[in-house]
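Colleague: fold the stuff below for me.
(chains A, B and C)
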Amino acid sequence: MTNKLVLIDGNSIAYRAFFALPLLNNDKGVYTNAVYGFTTMLLKVLEEEKPTHMLVAFDAGKTTFRHETFKDYKGTRQKTPPELAEQLPVMRDLLNAFRIPFEEVENYEADDIIGTLSVKAAKEGWETKIYTGDKDLLQLVDEHVQVALTRKGITNVDTYDLKALDEKYGLTPDQIIDMKGLMGDSSDNIPGVPGVGEKTALKLLAAHKTVEGVYENLDQVSGKKMKEKLEANEEQALMSKKLATILTEAPIETNIEDLPVQEADQGALASLFKELGFQSLLDRIGAEAETKEDLKDLEVIIPEKLTDEVLTEECALVVESLEDNYHHAAIIGAAAANENGVYFLKPDMLQDPAFQEWAADPDKKKWVFNAKRAVVSLGWEEIKLDGAAFDVQMASYLLDPGASSHDMADIAERKSGLQVQHDEAVYGKGKKQQVPDEDVLSQHLGRKAAALLELKPALEQELDDNEQLELLIDLEMPLSVILGRMEQHGVAIDKEELEALGKSLTERLEAIEAKIHDLAGTAFNINSPKQLGEILFEKLQLPPVKKTKTGYSTSADVLEKLEDSHEIIPEILLYRQLGKLNSTYIEGLLKAVNDKTGRIHTIFNQALTQTGRLSSTEPNLQNIPIRLEEGRKIRHAFVPTREDSVILAADYSQIELRVLAHISQDENLLKAFQEDMDIHTKTAMDVFSVAAEEVDGGMRRTAKAVNFGIVYGISDYGLSQSLGVTRKEAQSFIDKYFESYPGVKDYMDTIVDQARENGYVTTMMNRRRYLPEITSRNFNQRSFAERTAMNTPIQGSAADIIKKAMVDVDAALEESLLEAVMLLQVHDELIFEVSASQADELSELVSRVMESCVELDVPLKVDADYGKTWYDAK
DNA sequence: TTCCTCACGC
DNA sequence: GACGTACGTGAGGAAA
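Modeller: Below is the predicted model:
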């Protein structure tokens, strides 16, 4: 077997990694992005190339022998950014842990080390592969030497051998140097011949092979100007060529035989990754195995009796069930932890009156992980859980909604000294999921409870430091109980109504399908973008508007552009629309109806979105159609649980823009809401500089899209897409908007500065969102972070407000004599059911509480309506 | 399984 | 001037 040598251009790869990745830092505030990128590349190289020998070459000091030739060599290069410089030593630690040799040689560059070693290897008949981001190294390609150039990112590379080089540039490796000699290199400050770029250089070399060749045949060069330029710069061209030439005989002691790839020092690697916060890489090198060994047996007691030593005044409680969906999920065990010890409770012990009495006692404080899950899963077994006083998962979410995960295992890893295994590792996943033996289960749950006990005070302190304790205790904790009750109550569904809608949809779909197949001249799967693309853009020869990674785009906006070019298009759009209704809403909702209750029980995720909104799953009841009448009919199937009841919907009018008026204190916007103007018309008046009577439908539509953009933080591009105008026009609308609302502009500027300064933004109720990318040098990432900084306080404060409203409404209902139930929340809207006779009273109460739950400098306005179904509550 | 494309809501 | 551009959930197809 031949030996295989991999040579890595350390500085070049480090630079690439640094600029390709966002400026990550670990929990100690140390920058790690370049190290991270470098590591992923090393892992990939080791795995894919399986080299027998390896070396990473670094540049040494500031000056090299090349400076003797040309003192300004690399003269224009910017200083290494300090954020990168501090990472370079860490890379050496990393290489030591990997046991990969590295080298730097005084007076020479990494290129020269690589050149010299690759020649040595070639002489021995070894295969060599060079990893770099620098095209210069292509001059080293030969029969036994390949060069892998980083493309976008770092792990993506283009590999060049002689053939690939010829295909791409039509050059031999030696000619790479000639090319540099002619065109120069601004990054190394190699002058070349002024006026000669890549195109010209390639042309000259194709004709005359080398720099010297060009000058010998100067008379044959076309163009008087070009000839003059070449003539005037002959010396400079030859010097440039010399500068670009990589030494293959640098004085390097190292023998290639001394660079064998060795087994990495797993311990050193694991501890380094841990220190750097590279969790994903820890998993990748199989450090789980090692941490498992670390798990010493925790003493977990299985109590005979549930005394008040086991269930104390303040106690960590774990209630475990396996399914993601906790509605009617079997509880496989529980655990308690307190100052007396850690206890495992078998499922049947939860039926013990001693447990139930303790669980229901609000004065017995429970520290839990995902309170709603515990409340609801116990709730289905008729066990009341009250006094859930601190939710560790919620705390983690509030501290940093953007954290990579809010798993028990990961939170414990990040914030405590205790190790908790991932559920997946204990229970398996998918089909292989199962309940483990009792000793394993009791250990796992015991560890969770013990971790909760340790985490609660720590997280409580962190929240307090951030002034977020109130947000947790007075808002999210009470809300989780309310949401749990809403979920468990469920929403009644008129199955017959859905089935009838489904039947008519299916019939129409079949007819449309037949028509589409007929128009296409062949049967195919309309739901397959791939097949549909082939039919439209190949068979029917329609002009492709947009491409996706995998082929032609067939999205609605593309099809709408083609609407008039073929009669099949409108049919496809209709098929898509109805197909979506049928599969997601008719079939999806019918499947979600619970056998036991006949209702739909969604799960609200309270610890997921980056802005503080809720999300809803299995099924998602926050995206039931409303815009198009066809889909809106689905709402006919959402009915009250009782004959004589109605559905009542109460929604905030323009809550985000009102919040914006309040936090920006823009006078124009404040006034608009204080005078209860139609905000889109008002915006149209301002953006188009016209009077109210002159605002036409198109202007109002545009203004609405602009407001929408402000609220959701979309870019000029996003606005241009939604309006179907150019980016420039979209930008001019935004500019005009800011001119009219200078206070809003000020707010936007200030909040971005604030985000840059603090690293995060906050909402009215002190919800936080960290925006590390705000300092990124990548334009996209930075712009995105800036828009997020502007948008999150708006959307997040609106989320705060409706959450507060839910808590207040719940309390008000409790006090009132109304028999009303809160069913759903859809971001700016609350849905209830109530007996028909009390509907007006509820409407009045809900509107009043929602409007007064916070005091802003503009009024909050609520529209409420009710009817026999959700459809009718409009 | 996992990824991609598409479509629904706010 | 490049880059790929509010947040979510879910369905279906295609590739692994």
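Colleague: wait, a helix at A:D863?
Modeller: No. A:D863: not assigned to a helix; according to DSSP: H, G, I helix; E, B strand; the rest coil it is strand.
Colleague: quick one: contacts for it?
Modeller: A:650-651, A:653 (C-beta atoms under 8 Å, 6 or more residues apart in numbering). In short, each C-beta sits where N, CA and C put it, glycine included.
Colleague: for those, which one is nearest DNA strand C?
Modeller: Nearest to DNA strand C, judged by C-beta to the nearest atom of the strand, of those is A:D651 at 15.9 Å.
Colleague: isn't that closest one up against A:V862?
Modeller: Yes. Applying C-beta atoms under 8 Å, one finds A:D651 in contact with A:V862, separated by 6.9 Å.
Colleague: separate out the buried members of the contacts of A:D863.
Modeller: A:650-651 (16 or more other C-beta atoms under 10 Å).
Colleague: so which of the contacts of A:D863 belong to strands?
Modeller: Per DSSP state E, strands hold the following members of the contacts of A:D863: A:650-651.
Colleague: kindly reformat the contacts of A:D863 as CSV containing pLDDT and distance to DNA strand C.
Modeller: Below are these laid out as CSV (pLDDT from 0 to 100; distance: C-beta to the nearest atom of the strand, whole Å):
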residue, pLDDT, distance to DNA strand C
A:A650, 97, 21
A:D651, 96, 16
A:S653, 96, 18
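Colleague: which of the contacts of A:D863 lies closest to A:T39?
Modeller: A:D651 (49.6 Å; C-beta to C-beta).
Colleague: quick one: that closest one from A:K229, how far?
Modeller: Taking C-beta to C-beta, to the nearest Å as the measure, A:D651 falls 70 Å from A:K229.
Colleague: repeat that for A:A57.
Modeller: A:A57 is 36 Å from A:K229, by C-beta to C-beta.
Colleague: neighbour count for these two, which is higher?
Modeller: Using other C-beta atoms under 10 Å as the criterion, A:A57 and A:K229 rank with A:A57 on top: 30 against 16.
Colleague: how much space between the residue of the stretch 351-500 of chain A found nearest DNA strand B and DNA strand C?
Modeller: Proximity of the stretch 351-500 of chain A to DNA strand B (C-beta to the nearest atom of the strand) peaks at A:G430, 2.4 Å away. Note on A:G430: its distance to DNA strand C, by C-beta to the nearest atom of the strand, to the nearest Å, is 13 Å.
Colleague: what count of nearby residues applies to that residue?
Modeller: 6.
Colleague: contacts only, for the closest residue to DNA strand C within the stretch 701-850 of chain A.
Modeller: Closest residue of the stretch 701-850 of chain A to DNA strand C, C-beta to the nearest atom of the strand: A:Y717 (3.1 Å). A:Y717 sits next to A:727, A:730 when contact means C-beta under 8 Å, 6+ apart.
Colleague: now do 7 Å
Modeller: A:R727 (C-beta atoms under 7 Å, 6 or more residues apart in numbering).
Colleague: name the SS class of it, please.
Modeller: Applying three-state DSSP: A:Y717 is helix.
Colleague: for A:I624, same thing?
Modeller: A:I624 ends up coil, using three-state DSSP.
Colleague: repeat that for A:N525.
Modeller: Criterion first, three-state DSSP; result for A:N525: coil.
Colleague: ok, it to A:K547 distance?
Modeller: When A:N525 is compared with A:K547 (using C-beta to C-beta), they lie 20 Å apart.
Colleague: A:Q443 now?
Modeller: Going from A:Q443 to A:K547 by C-beta to C-beta gives 53 Å.
Colleague: when the two are compared, which one has more neighbours?
Modeller: Neighbour count, other C-beta under 10 Å: between A:Q443 and A:K547, A:Q443 has more, with 22 against 12.
Colleague: could I get the buried residue list for the helix or strand where that one lies?
Modeller: Using DSSP states H and E, the element containing A:Q443 is helix A:438-465. Neighbour-count burial for helix A:438-465 flags A:441-456, A:459-460, A:462-463 (criterion: 16+ other C-beta under 10 Å).
Colleague: so which elements touch that helix?
Modeller: strand A:300-301, strand A:314-321, strand A:331-338, strand A:341-345, strand A:365-368, helix A:392-399, helix A:408-415 (3 or more C-beta pairs under 7 Å, 6 or more residues apart in numbering; DSSP states H and E).
Colleague: out of those, which comes closest to DNA strand C?
Modeller: Using C-beta to the nearest atom of the strand, the helices and strands packed on helix A:438-465 put helix A:392-399 closest to DNA strand C, at 11.1 Å.
Colleague: and the nearest residue to A:D557 once chain neighbours are set aside, what element?
Modeller: Sequence neighbours aside, A:Q721 is the residue nearest to A:D557 in space, at 7.4 Å (criterion: C-beta to C-beta, 6 or more residues apart in numbering). In the assignment (DSSP H and E), A:Q721 maps to helix A:716-723.
Colleague: next SSE after that helix?
Modeller: Helix A:716-723 is succeeded, C-terminally, by helix A:727-740 (DSSP H and E).
Colleague: may I have that following helix as CSV, with CA atoms only?
Modeller: What follows is helix A:727-740, C-alpha atoms only, in CSV (Å, rounded to 0.1, in the frame of the first residue of the first chain):
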residue,chain,number,x,y,z
ARG,A,727,-35.7,46.1,-4.5
LYS,A,728,-35.0,49.7,-5.2
GLU,A,729,-38.6,50.6,-5.1
ALA,A,730,-39.1,48.6,-1.9
GLN,A,731,-36.2,50.4,-0.4
SER,A,732,-37.6,53.8,-1.3
PHE,A,733,-40.9,52.9,0.4
ILE,A,734,-38.9,52.0,3.5
ASP,A,735,-37.0,55.3,3.3
LYS,A,736,-40.2,57.2,2.9
TYR,A,737,-41.7,55.4,5.9
PHE,A,738,-38.7,56.4,8.0
GLU,A,739,-39.0,60.0,6.8
SER,A,740,-42.6,60.1,8.0
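Colleague: hang on, the earlier thing: mind putting the helices and strands packed on helix A:438-465 in CSV, mean pLDDT included?
Modeller: Compiled in CSV, these are given as follows (pLDDT from 0 to 100):
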stretch, mean pLDDT
strand A:300-301, 96
strand A:314-321, 98
strand A:331-338, 98
strand A:341-345, 97
strand A:365-368, 98
helix A:392-399, 96
helix A:408-415, 91
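Colleague: phi, psi for A:P251 please.
Modeller: phi -70, psi 80 (degrees, to the nearest 10).
Colleague: burial of it, as a residue count?
Modeller: There are 11 residues near A:P251, going by other C-beta under 10 Å.
Colleague: I'd like the distance between it and DNA strand C.
Modeller: 40 Å.
Colleague: OK, contacts around the closest residue in space to that residue that isn't next to it in sequence?
Modeller: Leaving out its chain neighbours, the residue that sits closest to A:P251 by C-beta to C-beta, 6+ apart is A:V105, at 7.5 Å. With contact taken as C-beta under 7 Å, 6+ apart, A:V105 is in contact with A:60, A:113, A:250, A:252.
Colleague: what residues does chain A have near DNA strand C?
Modeller: Residues of chain A lying close to DNA strand C (C-beta under 7 Å from any atom of the strand) are A:525, A:527-528, A:530-531, A:583-584, A:587-588, A:591, A:605, A:608-611, A:615-620, A:623, A:712-715, A:717-718, A:778-780, A:783-784, A:787-788, A:791.
Colleague: so among the residues you listed, which ones count as buried?
Modeller: By 16+ other C-beta under 10 Å, these give A:584, A:605, A:611, A:616, A:619, A:713-715, A:718, A:784, A:787-788, A:791 as buried.
Colleague: biggest separation within the residues you listed, which pair?
Modeller: Pairwise over these, using C-beta to C-beta, the maximum falls at A:P619 and A:S715, 31.5 Å.
Colleague: tell me the angle of the helix holding A:Q443 relative to strand A:341-345?
Modeller: Helix A:438-465 and strand A:341-345 are oriented at 120 degrees to each other (axes from the mean of the first three to the mean of the last three C-alpha atoms, to 10 degrees).
Colleague: tell me what the helix or strand just after helix A:438-465 is packed against?
Modeller: Later in the chain than helix A:438-465, the nearest helix or strand by DSSP H and E is helix A:469-470. Helices and strands touching helix A:469-470, by 3+ C-beta pairs under 7 Å, 6+ apart: there are none.
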